[in-house]
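1. Just need the structure, nothing else, for what follows:
(2 chains)
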There are 2 protein chains.
Amino acid sequence: MIAAKYKEMLGAKSVIRELSEYATARGKEIGYENVFDYSLGNPSVPAPEKFREAVIKLLTECNPMEVHGYSPSLGIPSVKEKVAESLNKRFGMNYTGKHIFMTSGAAGAIAHAVRLVTEPEDEVLTFAPFFPEYHPYIDLSGAKLKVVPADTENFQVNFGCFEQMLTEKVMAVLINTPNNPSGVVYTKETLESLARIMTQKAEEYGHDIYLISDEPYREILFAGVEEVYVSQFYDNTISCYSYSKSLSIPGERIGYIAVNPACREAETLINMCGQISRGIGHNCPTSLIQLAVAETVYETSDLTVYETNMNILYTELVRLGFTCVKPGGTFYIFPKALEEDAKVFCQKAKNYDLILVPGDSFGCPGYFRMAYCIETEKVERSIPALRKFAEAEYGVKK
Amino acid sequence: MIAAKYKEMLGAKSVIRELSEYATARGKEIGYENVFDYSLGNPSVPAPEKFREAVIKLLTECNPMEVHGYSPSLGIPSVKEKVAESLNKRFGMNYTGKHIFMTSGAAGAIAHAVRLVTEPEDEVLTFAPFFPEYHPYIDLSGAKLKVVPADTENFQVNFGCFEQMLTEKVMAVLINTPNNPSGVVYTKETLESLARIMTQKAEEYGHDIYLISDEPYREILFAGVEEVYVSQFYDNTISCYSYSKSLSIPGERIGYIAVNPACREAETLINMCGQISRGIGHNCPTSLIQLAVAETVYETSDLTVYETNMNILYTELVRLGFTCVKPGGTFYIFPKALEEDAKVFCQKAKNYDLILVPGDSFGCPGYFRMAYCIETEKVERSIPALRKFAEAEYGVKK
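-> Numbers count the residues shown, from 1 in each chain, chains lettered A, B, ... in the order given. The predicted structure follows:
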């Protein structure tokens, strides 16, 4: 008998994917260069040359039995050490390799993290707007994802709702800063308040509450924004990282879990990851790519294009009267739509070949996401279309 | 609160891993070349040169955005097509890319397969002797693994027990041929009987029973053994493959699921794999490695060493009076121990620096496994130790 729960999921198509498919199809009609496709969060800059060099060097200078051999289930020890060292240098932490578990990207990291600290039916809280894949990541683990409504003022944390929803059933809080889809970076004050409330409640309930910090956009930070490392604010933090965005290698599925050494049973948690991995058939990320990222832990792709694109779009959106929180990082912006139903708004935008994603899937109706990981030249060419759309449909005057 | 079920698993160490660690430690004392380490099933021959060339070509001649970009969740379409084509040519099947789901090795394949066709508490049957990791693979999915006792005569299938255990609760049967640990290849007759019984019972119970066929050793087949492709015998077959052994790239975590096109809802099953993947955080295997295996679907490493090693060992074991079924493939052999308790037998063998794995973990007490994926020269040097062990401990005369 086919498993019902997965079969039922087939019906629900991802809105983002549908829009992306529409963009591709439309591109075939009018040329893809004429479709202003802001649908997908795919890095638009190549991997750094050093990454390529590292892979080629491994293939030409090292023993193939080692390069392509099994990795220990927790990751290759030398790789884990280098990851720990890089985090310590950048963020003043005191990780060792024993606090690191290598994963297949942030998705793999979150899949392990949620299984580490929840039992079936336990609750995990996250904050709108949020990455829609959190639903399958959490719900299919057996835990339940609950979404704290957005603080639409500045897309930090709606603390009123958070305190109400942080009941005894909640074993973990999942945050994502810099944030997909808002582009907002949590402030020190936000993280301090979050930590204070969680510490208080954990004490009150007599059980730990873990902070799962999803950080794939950590390296895409814009001018004037303070860099914060979440784990510094709360001991029981499980950081989930991916090199997908920083090294522009999303297809290589490489990232890690870093458990704060001050976390109770930190090493036990890492060892448990190896057991979870057996159950979900991960085993370990590919050896070749693990070894290559170890050589490039301090590298990133040239990420400046994202800030350039953000500035162009933000300036124009504000000029056109959009309500919009200025992104502090990522390659997303999340303005308020010009009519109540963002789905209708985004549908109309298609007539101007603007592919925008309604905020509904991100738990924040009335807003829309633009993923500006595209060429700057195209962002510039999209501005007249954006103006025309706002003027013709909503009477906005320049 | 830390998840109890994974924490409890930390106590139970893998016997194979413990023995392998012992061998490494002993190697530091007397030189690893003097330890006859038959513990681990790691390929001992390098990846084919064409695999290395394929990876380097992708890195030097192709667009890095494509090579390192996201793969669709079901796998890269061109890769899936090539896999399908290679199976059709070799085994006379009629797969298309739509019947293939790219996975992170056979572990990933089985993790998906079991979730496809079982609900929690459903049973999956397998046959002793069996790969011990089947327990976490199946049990942590929510289904229950039940083990049909071995047919120790020839390590085919104990049909008497199988028919008894194939109750209404069983939704899938998991087989592994060529087999780890016995090295035995199922005959046509075995597969025909298996298919006949499963078809009969499925009809009787009014629900499908799936055959999950774990085939990582498919390409390591010895002279005189008939090549059989399991899926040809039973429509509802989900083949789980890994390139780990055929291409000697176990660390690269690449394999696939191939659903028989005659299977009811074959394409639905493949699409469901994409949903399961979201829940367990796989997403897809690495793009670079997917693209590289597509260029080497007809390649293998030089696998002849395994047959050479098997012949040396088998001849000597028989000469020493061991009861031993001759392997038809893989790099394992599974003789009967010279005393009832194989754990004691293997413990004594350590005194001769012979690292053997007791059959208990494989569901077959009284037997032991030798993984002869080591250099032939070392196999030859181990023979005097084997003789000495048998003579001194069990009075065996040459």
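2. Leaving out the residues flanking it, which one is nearest to A:A54?
-> Once flanking residues are discounted, A:A54 sits nearest to A:E295: 3.9 Å by C-beta to C-beta, 6 or more residues apart in numbering or on different chains. (C-beta placed from N, C-alpha, C; glycine too.)
3. mind listing what the one you found touches?
-> Counting by C-beta atoms under 8 Å, 6 or more residues apart in numbering or on different chains, A:E295 touches A:50-51, A:54, A:57.
4. Ok, A:Y314 next?
-> With contact taken as C-beta under 8 Å, 6+ apart, A:Y314 is in contact with A:324, A:326-327, A:333.
5. again, but for A:T300
-> Neighbour list for A:T300: A:48, A:219, A:246-247 [criterion: C-beta under 8 Å, 6+ apart].
6. With adjacent residues omitted, what lies nearest to the residue positioned nearest the centre of chain A?
-> Among the residues of chain A, the one closest to the centroid is A:P216, at 4.9 Å (C-alpha atoms, centre = their mean). Computed as C-beta to C-beta, 6+ apart, the closest residue to A:P216 that is not its neighbour in sequence is A:S242, at 4.1 Å.
7. What segments of chain A are helices?
-> With DSSP state H as the criterion, chain A has helices at A:4-9, A:15-30, A:49-61, A:64-67, A:77-91, A:105-117, A:134-139, A:159-165, A:188-205, A:266-280, A:287-294, A:304-319, A:342-349, A:376-394.
8. among those helices, which is the most enclosed?
-> Among the helices of chain A, helix A:105-117 has the highest mean neighbour count (mean count of other C-beta atoms under 10 Å in any protein chain shown), at a mean of 29.
9. Which positions in the stretch 201-350 of chain A make contact with chain B?
-> Neighbours of chain B within the stretch 201-350 of chain A, by C-beta under 8 Å from any C-beta of the partner chain: A:207-208, A:248-254, A:265, A:268-269, A:271-272, A:275-276, A:278-289.
10. cutoff 6 Å now
-> A:207, A:249-253, A:271-272, A:275-276, A:278-281, A:283, A:286-287, A:289 (C-beta under 6 Å from any C-beta of the partner chain).
11. contacting residues around the residue nearest to the centre of chain A?
-> Listed by C-beta atoms under 6 Å, 6 or more residues apart in numbering or on different chains, the contact partners of A:P216 are A:106, A:242, A:244-245.
12. Quick check: A:E49 vs B:S287, distance?
-> Separation of A:E49 from B:S287 (C-beta to C-beta, to the nearest Å): 18 Å.
13. quick revisit: can you list the helices of chain A in a markdown table and add mean pLDDT and distance to B:I16?
-> Converted to a markdown table, these look like this (pLDDT from 0 to 100; distance: least, C-beta to C-beta, whole Å):
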| stretch | mean pLDDT | distance to B:I16 |
| --- | --- | --- |
| helix A:4-9 | 88 | 32 |
| helix A:15-30 | 93 | 42 |
| helix A:49-61 | 97 | 28 |
| helix A:64-67 | 94 | 19 |
| helix A:77-91 | 98 | 19 |
| helix A:105-117 | 96 | 23 |
| helix A:134-139 | 94 | 32 |
| helix A:159-165 | 98 | 46 |
| helix A:188-205 | 98 | 39 |
| helix A:266-280 | 94 | 13 |
| helix A:287-294 | 98 | 19 |
| helix A:304-319 | 98 | 47 |
| helix A:342-349 | 98 | 55 |
| helix A:376-394 | 98 | 54 |
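14. and which of the contacts of A:E295 is nearest to chain B?
-> Distance to chain B across those (C-beta to the nearest C-beta) is lowest for A:F51, with 8.2 Å.
15. That closest one reaches A:T296, doesn't it?
-> Yes. Contact criterion C-beta atoms under 6 Å: A:F51 and A:T296 qualify, at 5.1 Å.
16. so what's A:E377 up against?
-> Applying C-beta under 6 Å, 6+ apart, no residues contact A:E377.
17. let's see 10 Å
-> By C-beta atoms under 10 Å, 6 or more residues apart in numbering or on different chains, A:E377 lies in contact with A:E33.
18. what's the answer for the one 5 residues further on, then?
-> Contacts for A:S382 were tallied using C-beta under 10 Å, 6+ apart; they are A:35-38, A:309, A:312-313, A:316, A:352-355, A:370, A:372, A:374, A:389.
19. again, but for A:P132
-> Contact analysis of A:P132 by C-beta under 10 Å, 6+ apart lists A:14-16, A:180-181, A:357, A:360-363.
20. ok, and which of those reach chain B?
-> The subset of the contacts of A:P132 within reach of chain B, by C-beta under 10 Å from any C-beta of the partner chain, is A:S14.
21. Can I get the contacts of A:P132 in CSV including distance to A:I76?
-> What follows is the contacts of A:P132, written out as CSV (distance: C-beta to C-beta, whole Å):
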residue, distance to A:I76
A:S14, 34
A:V15, 38
A:I16, 34
A:N180, 29
A:P181, 34
A:V357, 38
A:D360, 42
A:S361, 37
A:F362, 36
A:G363, 37
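22. on that earlier part again, which one of the contacts of A:S382 is nearest to chain B?
-> Using C-beta to the nearest C-beta, A:I374 comes nearest to chain B of these, at 11.9 Å.
23. quick one, phi/psi of the closest one?
-> phi -140, psi 180 (degrees, to the nearest 10).
24. Does it touch A:V305 like I think?
-> Yes. Assessed by C-beta atoms under 10 Å, A:I374 is found in contact with A:V305 at 9.0 Å.
25. Need the residues touching each of those two.
-> Residues touching both A:I374 and A:V305 (C-beta under 10 Å, 6+ apart) are A:44, A:331.
26. related to what we said a few turns ago, pull out the buried residues from the contacts of A:P216.
-> In the contacts of A:P216, burial by neighbour count holds for A:106, A:242, A:244-245, counting by 16 or more other C-beta atoms under 10 Å in any protein chain shown.
27. Restricted to strands, list the residues you listed.
-> A:S242 (DSSP state E).
28. Tell me if I'm right that A:E153 and A:K336 touch.
-> No. With contact defined as C-beta under 10 Å, A:E153 does not reach A:K336; the gap is 11.4 Å.
29. so what sits against both of these two?
-> Residues touching both A:E153 and A:K336 (C-beta under 10 Å, 6+ apart) are A:V325.
30. Enumerate every residue touching the nearest residue to A:K98 once chain neighbours are set aside.
-> Leaving out its chain neighbours, the residue that sits closest to A:K98 by C-beta to C-beta, 6+ apart is A:E267, at 5.2 Å. Shown in contact with A:E267 (C-beta under 10 Å, 6+ apart): A:96, A:98-99, A:259, A:261.
31. Got a quick PyMOL command for the buried subset of the residues you listed?
-> Selection of buried members from those for PyMOL, criterion 16+ other C-beta under 10 Å:
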select buried, chain A and resi 98+99+259+261
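32. any chance of the contacts of A:E267 in CSV, plus pLDDT?
-> As requested, the contacts of A:E267 are exported to CSV (pLDDT from 0 to 100):
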residue, pLDDT
A:T96, 98
A:K98, 98
A:H99, 98
A:V259, 98
A:P261, 98
